[in-house]
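Chemist: Coordinates only, no sequence provided:
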């Protein structure tokens, strides 16, 4: 209910000005009407909540007025208060009847760039809350707060504030890059004339703002690279001198942190300085269907120049629902029909998620959504940055189909992938950044099962008839996207008090710099940090030594202590977030998609670490879609569980 | 109605309320349009959005404490680091978003403009608020400025009450009654400055450092020389005679 969408301005004037002019008789009638309307619209409880704030305030100001002007004018003052209250109620009705998404749409129409900011801000507000929640959860998991007094707990909580803000700033940068790479801030080119637009407006139809015609490109598109990417200290993290042609799939390989993602960012035309790097040289695209010749050094550009699918899908979605994400993406890429959207979503297995909020989707489903909405056939160059990481087999096949189809159209596809065996089969060209990586076997050990250490949770969400988990067990959980693998780990962690590592490492990183993060990884280390160098906290030195040894094992010892955590590569952040888990030595370690962002060498080192833990009696539970990891789990005598429709079953090995 | 009548009406509380609201509304609208035109990069839009989201969330979070919230300090820091224009954009969005939860009204214009003024003042007074190289914030002057804005901001927003009450007496009563709340805002600003300003400064300084990345169209001389040397060496190696030339094979295959 509420006033019609296009007639709110006169209503606003009416609700504010009218009560200020009315006398008692008419005012009470108008007030009664507004109270009835609001009670019907939002219910009595909301109305009472509103009255609980504004009625005492109005009475207070009435009393102040009586104090200053004397009691002779009480009738006038009462009238003034009634007018004020009713004008405020009118404005509140307007606020109730305008959902935030309408405000965003109004902004997008009139002030498109601020509208984008507003849309992002509205999406960020709940994300900020969730991020704060994850951090508090992490603090508790690491043993903080439990044993601390009120003031000390407050101090500990306050210490995560800079890291929380730094992570949020990083997320905002990711969203900004997504906006820029997709051309959302580009000036609109009207496809329809003014008459058509008036008719559409009058009929209440969606006004189509798609400015670009459908494209047909041949294999004439070419990408010339002659550049060098340097860190602020002058260290080169990539020298690229290539000519890549349309009609090819190019696989880009290299170890973690070698600059693969930075190169894709440069080609995508977004700011290459996610980390403070300097780009020397040129990148030239020729044969772009709408922009022709592009010299990327002249950027940044407001138009989309390629289709970039970045890592971490939960940090790059813009809209509040699946449907709206799709609409934004398709409006930018050219004319489209509702039917097309439904068919595409069906293809990617997302049709039943049409109205869902992206936050409620699993990582795999979010990745599918990003691919479904933003794989833009109108763009000749596709840049896929570990796009297959969260996808199950069906999802990967769908992606493979799309990629091969785009190659047949004459498109150029550049793929960055660590688990590359599947990509190598269809790639036309393989480029190694830095020294070529030797093929790596994951170290496997056979460990005798020990005593029983736990069982997965059973209840409303999950059921099973599994054997118990024993010390030294290696368990790999498989399942389709959205089948509940992450939910299982979370539930298990909550019911058994076990630590778990989510897919996104940022959920388990608390500090703004590496030094802060290392101090916050253990309560004793944090106490030592607060006490200063002059005081020795018992056990602090031992824990510090243990932490240093693990840092060395995980290849993190070279990092400077003042480096901001968000300057690290995804792989480095993942290993850093794993440190406190390894330090705690739990009976069962729950790891969600452990291989994400890690090259083969680093993953092999990590697996070596996990094998050592298993020998010491720790059971390891991991989820993964990687066929390599499944093979490794089987070779290592691991158990494979499958999860489907809330039922866990053991797969015979 | 003659011009003299309009002039007389404009001097009455009701008249003042109307032209003041119209004036502030126009300033608000023109600021919005000018800011919209100046956002060119997605990263700009996202940064503004994030800061507005943080400010709005913190305003709603502290809503239980009357008039104590860190938005004024946030706007001061944004003005200090990112300039008056971005601070104004954040101020507009913060007023819009936080009032979606706390209630919109004529005060929305006044809040937005007052916060934009807060950011602008920090941008103008930047030399006094940071050390010589901009790496450290001076807490004393910043706290003083935040304290002053505690009162100035509230009095600016109180102008919206003139539009609602339409009486000078009521407006005066409103200002006097609010002095305690204004003082709470000012003291809260000082406390927030001591608590949050150093880490906020560090964070926004890091952001500026990131934005300082560059694209230089020419490759470094060292790289060019190194590659030229490698190319020359390879070419020279190709031109070398086959070291086995002239040696006859004994098995007679040649």
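Modeler: That came through, no problem. Being a predicted model, the structure only gives us computed values, none of them experimental.
Chemist: Quick check: next helix or strand after the longest helix out of those in chain A?
Modeler: Ranked by residue count, the top helix of chain A under DSSP state H comes out as helix A:112-141. Using DSSP states H and E, the helix or strand that follows helix A:112-141 in sequence is helix A:150-159.
Chemist: hmm, back to that, buried sites along the longest helix of chain A?
Modeler: Buried residues in helix A:112-141, counted by 16 or more other Cβ atoms under 10 Å in any protein chain shown: A:112-125, A:127-128, A:131-132, A:134-136, A:138-139, A:141. Any C-beta I mention is one placed from the backbone N, CA and C, and that applies to glycine too.
Chemist: now do stretch A:392-405
Modeler: For stretch A:392-405, by 16+ other Cβ under 10 Å, it's A:392, A:395-396, A:398-400, A:402-403.
Chemist: next one: stretch A:43-53
Modeler: A:47, A:50.
Chemist: contact partners of that stretch?
Modeler: Defining contact as Cβ atoms under 8 Å, 6 or more residues apart in numbering or on different chains, one finds that stretch A:43-53 is touched by A:35, A:38-39, A:89, A:92, A:96.
Chemist: again, only using 10 Å
Modeler: With contact meaning Cβ atoms under 10 Å, 6 or more residues apart in numbering or on different chains, stretch A:43-53 is reached by A:35-36, A:38-42, A:55, A:58, A:85, A:88-89, A:92-93, A:95-96, B:102-103.
Chemist: Where does the stretch 451-600 of chain A get nearest to chain B, which residue?
Modeler: Residue nearest to chain B within the stretch 451-600 of chain A: residue A:564 (5.8 Å; Cβ to the nearest Cβ).
Chemist: count of residues packed around that residue?
Modeler: Counted with other Cβ atoms under 10 Å in any protein chain shown, residues neighbouring residue A:564 total 23.
Chemist: One more: the one 4 residues further on?
Modeler: Using other Cβ under 10 Å, residue A:568 has 22 neighbouring residues.
Chemist: check contacts around it.
Modeler: Residues in contact with residue A:568 (Cβ under 10 Å, 6+ apart) are A:256-257, A:275, A:505, A:509, A:514, A:517, A:556, A:559, A:574-576.
Chemist: Of all residues in chain B, which one is nearest the centre?
Modeler: In chain B, the C-alpha nearest the mean C-alpha coordinate belongs to residue B:87, at 3.2 Å (Cα atoms, centre = their mean).
Chemist: Relative to chain A, how far out is it?
Modeler: Distance from residue B:87 to chain A, counting by Cβ to the nearest Cβ, to the nearest Å: 13 Å.
Chemist: For the nearest residue to that residue once chain neighbours are set aside, pull up the helix or strand it's in.
Modeler: Spatial nearest neighbour of residue B:87, excluding adjacent residues (Cβ to Cβ, 6 or more residues apart in numbering or on different chains): residue B:119 at 2.4 Å. If you go by DSSP H and E, residue B:119 is part of helix B:107-124.
Chemist: chain center to that helix: distance?
Modeler: Between the centre of helix B:107-124 and the centre of its chain there are 11 Å (Cα atoms, centre = their mean, to the nearest Å).
Chemist: for it, which positions count as buried?
Modeler: For helix B:107-124, burial by neighbour count (16+ other Cβ under 10 Å) applies to B:107-123.
Chemist: go on, stretch A:449-463?
Modeler: Across stretch A:449-463, burial judged by 16+ other Cβ under 10 Å covers A:453-454, A:456-457, A:462.
Chemist: and chain B, which of these contact it?
Modeler: Among these, no residue lies close to chain B (Cβ under 10 Å from any Cβ of the partner chain).
Chemist: Using a markdown table, please lay out those residues together with pLDDT and secondary structure.
Modeler: Output for the buried residues of stretch A:449-463, formatted as a markdown table (pLDDT from 0 to 100; DSSP: H, G, I helix; E, B strand; the rest coil):
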| residue | pLDDT | secondary structure |
| --- | --- | --- |
| A:453 | 86 | strand |
| A:454 | 85 | strand |
| A:456 | 86 | coil |
| A:457 | 85 | coil |
| A:462 | 82 | coil |
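Chemist: What is the nearest of those residues to residue B:70?
Modeler: Residue B:70 lies nearest to residue A:457 out of the buried residues of stretch A:449-463, by Cβ to Cβ, at 40.3 Å.
Chemist: Verify the stated contact: that closest one with residue A:469.
Modeler: No. In this structure residue A:457 lies outside contact range of residue A:469 using Cβ atoms under 10 Å: 11.7 Å.
Chemist: can you list residues touching both of these two?
Modeler: Counting by Cβ under 10 Å, 6+ apart, the residues touching both residue A:457 and residue A:469 are residue A:492.
Chemist: Can you report how many residues neighbour residue A:543?
Modeler: Neighbour tally, residue A:543, other Cβ under 10 Å: 17.
Chemist: wait, what's in contact with it?
Modeler: For residue A:543, the contacting residues are A:521-525, A:528, A:537, A:583, by Cβ under 10 Å, 6+ apart.
Chemist: Reformat these into TSV and put neighbour count next to each item.
Modeler: As requested, the contacts of residue A:543 are arranged in TSV below (neighbours: other Cβ atoms under 10 Å in any protein chain shown):
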residue	neighbour count
A:521	26
A:522	23
A:523	19
A:524	17
A:525	21
A:528	21
A:537	16
A:583	15
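Chemist: Torsion angles phi and psi at residue A:428?
Modeler: Backbone torsions for residue A:428, taken as degrees, to the nearest 10, come to phi -90, psi -20.
Chemist: For ChimeraX, write a command that selects the buried ones of the contacts of stretch A:43-53.
Modeler: To isolate the buried subset of those in ChimeraX, counting by 16+ other Cβ under 10 Å, use the following:
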select /A:38,42,58,85,88,89,92,93,95,96 /B:102,103
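Chemist: just the helices in chain B please.
Modeler: B:3-11, B:13-38, B:42-61, B:71-82, B:84-102, B:107-124, B:126-129, B:139-165, B:168-177, B:179-211, B:221-239.
Chemist: For the shortest one, buried residues please.
Modeler: When neighbours are counted by 16+ other Cβ under 10 Å, the buried residues of helix B:126-129 are found to be residue B:129.
Chemist: Tell me where the stretch 151-254 of chain B is predicted with low confidence.
Modeler: Residues of the stretch 151-254 of chain B meeting the criterion pLDDT under 70: B:163-167, B:209-213, B:240-254.
Chemist: residues contacting the residue of chain A positioned farthest from its centre?
Modeler: Within chain A, the residue lying farthest from the chain centre (Cα atoms, centre = their mean) is residue A:72, at 62.5 Å. By Cβ under 10 Å, 6+ apart, residue A:72 lies in contact with residue A:66.
Chemist: Roughly how far does it sit from residue A:563?
Modeler: 72 Å (Cβ to Cβ, to the nearest Å).
Chemist: for residue A:62, same thing?
Modeler: In terms of Cβ to Cβ, residue A:62 sits 59 Å off from residue A:563.
Chemist: Next: residue A:130.
Modeler: Counting by Cβ to Cβ, the gap from residue A:130 to residue A:563 is 26 Å.
Chemist: From residue A:374, how far off is the spatially closest residue to residue A:313 that is not a sequence neighbour?
Modeler: Counting by Cβ to Cβ, 6+ apart, residue A:366 is the residue found nearest to residue A:313 once chain neighbours are left out, at 4.0 Å. Distance, residue A:366 to residue A:374, by Cβ to Cβ: 12 Å.
Chemist: Give the intersection of the neighbour lists for the two.
Modeler: Residues touching both residue A:366 and residue A:374 by Cβ under 10 Å, 6+ apart: A:316-317, A:325.
Chemist: So which of those is the closest to residue A:533?
Modeler: Closest to residue A:533 out of these is residue A:316 (42.3 Å), distances taken as Cβ to Cβ.
Chemist: how many other residues sit next to residue A:473?
Modeler: 23.
Chemist: How about the one 5 residues further on?
Modeler: Here the number of neighbours of residue A:478 (other Cβ under 10 Å) works out to 20.
Chemist: how about the residue farthest from the centre of chain A, secondary structure?
Modeler: The three-state label given to residue A:72 by DSSP: H, G, I helix; E, B strand; the rest coil is helix.
Chemist: Check residue A:458 too.
Modeler: Following three-state DSSP, residue A:458 is assigned to coil.
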